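Visitor: need coordinates for the below:
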Amino acid sequence: MSYQHSFSLGKTIVAFILASIFLTFGDSSAKAQNGETVYLPLIVSSSITITVDTTKDELTSNGHCSLREAIMAANRHQAIDICPPGQGQTVIVFSNEDFTPTYITYTLALAGADEDDNATGDLDITSDITIRGVSLHRTVIDGNELDRVLHIHPGAHVILQNVMIRHGKTPDGVISSTGTTCGNGENGGGIANFGTLWIQGSAISSNNTGDGGGICFLSGAGGAGGGIFNAGLLTLIDSIVNDNYTGNGGITVGLAGGFGTHGGNGGGIINFDRLNIQDSTISGNRTGDGSLSFGYRGGGGPGGYGGGIYNQGVVNLDDSTISNNYTGHHGTRSTGGQGGGIYSQGTVQFKNTLVAANVSTDAGPDCWGILLSYGYNLIQDITDCTVVGDVTGNITNTNPSLYGLDDYGGSTWTHRLRDASPAVNAGNCIDMNGISVVHDQRGESRPSGDACDIGAYELH
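Guide: Predicted structure coming up:
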C-alpha cells in the first residue's frame, strides 16, 4: 500500500508544532488522489519537554543534561543526570539557543560504533522523540566522523525540526577471519531510519558511508545511503539533502583476480520502504566508485547507483528539485553507476518536480527506471527512464536554467531559477492529493505569477 502523502496539511501541522503542539504518528487516515489510504499524523498535547543545557557529548552525573542523556532519558523513561524521564512523545529543546547568535554544535565524542543502547557512537532512538532546534544554522548535530549521527530503531516515532545533521561517517567493511572475504561498509552515513521519521526545515549534509573492505579475494561493497538509509516511513518537508556520498567498493586481489563489488548506492538517500518528499532539494550527492581488481582475470565492480535517490520502495515527490547529483566511476573491467538523479526499481510518483543537471557515469543521467507522473514535471534528460501516467504540462529534454546551490533566503539552501527558466509559471499549485500548495521550500508564497513554478523554488 502506498503512503501517498498530504503535505499541505502536514505544513499546517508543523505550524502547530511551532506553537508548542507536537506530532505523534497514529492511524488517522484519508484518501489520496489515487484512492489509496493516506496515514496522517495526529495532533496531541506535549507530555514532557527535556532541555539540553550543554554542547558536550557526555554520560556523566555532573548537573547538566547533554543531548545523549536527554535521548537516553526518553528511551528509558527514567531520569538521567538532571534530564527528567521521558514520557509519550518527548520533546527535546536546547536552552542556550535563545541568546547565542552563532552556530551551536553538538559534536559526538564518545567513540564506539555498532552499539544500540545510545552509550557510544551514534545517537540511538528507540522511543517517540521530537528534537526541536531554533534553526539549522544554530542547531547542528555533528557526527565528528565517529559514526553515523542518528539511528532510529523500529517502532520509534521521531520528528526533527530546524536542525543540521552533518559529518556522520559509518565504519568501513572489515576483513574476515579467513582473509578471503571482506565485509561491506555500513549504511546510513547521516541517518539510518527503521521507524517513522518526519524531517522539517532541516539539512542532512556532508555525511558519508564506509568503504567496502579490502584487500580480499571477494571484496566488500561501499555502504549505502550517504545521507539517509531508509527502511521505514520517512517524510522530508522544506529540507535539503546535500553533499553526502557513499563509500567505494573494496579492492580485490588474487593471482587469478578476485570478485569485485559495487560502490555504495544512494548518494543522498536509499529507500526500501516509504519516502515522501515535499518542497525539498536533493543536490550535490555522489555514489562511490566500484572496486578495483588486481590479477590477470576477475574484475572489479560498478559505480554506485542513484546519485540523488536509489529506490526499491515507494517514493512520492511533490514540488521538489533533484539536481547536480553524481554516480561513481567503474571499477576494473566493470561499468559506471546508473541513475544520476534517481535510480528506481520500485515506484516513484512525482508532480511539479524538477530533475536536472545530474550526471551518470553509465546510463540514465537524470533518471533510470519507470516514473509515474502526476503532471507538471521538468526532466532535463529522459534517456533511460520511462515516464508514464499523467504527462500534462511535463517538460522534457530541456535545460531548466538553474543557478547553483546557494543561500537564496529561507533556512535551507536551494537552486534558484533564472528569469528565463522554462520552469517559471509552468507548474501547478495543486499537489498529488488535490491540496493547494501555498509556499516553496524557503517559505515564500506560491504562486508569484500566473502559475506555480516547477520545483522547490518559486521565483519572485
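Visitor: next, V387: secondary structure please.
Guide: Of the three states, V387 takes strand under DSSP: H, G, I helix; E, B strand; the rest coil.
Visitor: and the closest residue to L317 other than its chain neighbours, bridged to which residues?
Guide: Closest residue to L317 apart from its sequence neighbours, by Cβ to Cβ, 6 or more residues apart in numbering: F350 at 3.9 Å. Every residue, glycine included, has its C-beta placed from N, CA and C. On the basis of DSSP bridges, F350 is bridged to L317, S373.
Visitor: and F350, how many neighbours?
Guide: Counted by other Cβ atoms under 10 Å, the residues lying close to F350 total 29.
Visitor: who's in contact with H64?
Guide: Counting by Cβ atoms under 8 Å, 6 or more residues apart in numbering, H64 touches 53-54, 56, 58, 81-82.
Visitor: likewise for G223?
Guide: Neighbours of G223 in contact, by Cβ under 8 Å, 6+ apart: 170, 173, 184-189, 209-212, 246-247, 264.
Visitor: try it again with 6 Å
Guide: 170, 185-187, 209-210, 247, 264 (Cβ atoms under 6 Å, 6 or more residues apart in numbering).
Visitor: with distance to D114 added, can I get the residues you listed in CSV?
Guide: Formatted as CSV, those follow (distance: Cβ to Cβ, whole Å):
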residue, distance to D114
T170, 10
G185, 13
E186, 8
N187, 12
T209, 14
G210, 12
G247, 16
G264, 18
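Visitor: for these, which one is nearest L275?
Guide: Within the contacts of G223, the smallest distance to L275 is 15.0 Å, found for N187 (Cβ to Cβ).
Visitor: what number of residues lie near that closest one?
Guide: 25.
Visitor: show me the shaky parts of the stretch 301-450 of the chain.
Guide: In the predicted model, the stretch 301-450 of the chain carries pLDDT under 70 at residues 330-334.
Visitor: all strands for it, in order.
Guide: 309-311, 314-318, 321-323, 342-344, 347-351, 354-356, 367-374, 378-379, 385-390, 395-396, 402-406, 414-417 (DSSP state E, counting those that start in this stretch).
Visitor: wait, G340 touches T361, no?
Guide: No - the criterion here is Cβ atoms under 6 Å, and G340 misses it with T361 at 8.2 Å.
Visitor: ok, those two, which is more surrounded?
Guide: Shown here are G340 and T361; by other Cβ under 10 Å, G340 has more neighbours (35 against 23).
Visitor: for that one, give its distance to G364.
Guide: 7 Å (Cβ to Cβ, to the nearest Å).
Visitor: just give the closest residue to A451, not the sequence neighbours.
Guide: Spatial nearest neighbour of A451, chain neighbours left out: N425 (4.7 Å); criterion: Cβ to Cβ, 6+ apart.
Visitor: in contact with the one you found, which residues?
Guide: 449-451.
Visitor: for A73, same thing?
Guide: Counting by Cβ under 6 Å, 6+ apart, the residues that A73 touches are 80, 83, 85-86.
Visitor: can you select the buried ones from those residues in PyMOL?
Guide: Buried residues within the contacts of A73, by 16 or more other Cβ atoms under 10 Å, are selected in PyMOL with:
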select buried, resi 80+83+86
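Visitor: redo the contacts of A73 as CSV? Include secondary structure.
Guide: Shown next, in CSV, are the contacts of A73 (three-state DSSP):
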residue, secondary structure
I80, strand
C83, strand
P85, coil
G86, coil
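Visitor: which residues in the stretch 51-200 of the chain form strands?
Guide: 90-94, 105-107, 123-125, 129-132, 140-142, 150-152, 157-161, 164-166, 191-193, 196-200.
Visitor: so in that sheet, which strands flank the fifth one, and in what orientation?
Guide: Strand partners for strand 140-142, identified by DSSP bridges, are recorded as strand 105-107 (parallel), strand 164-166 (parallel).
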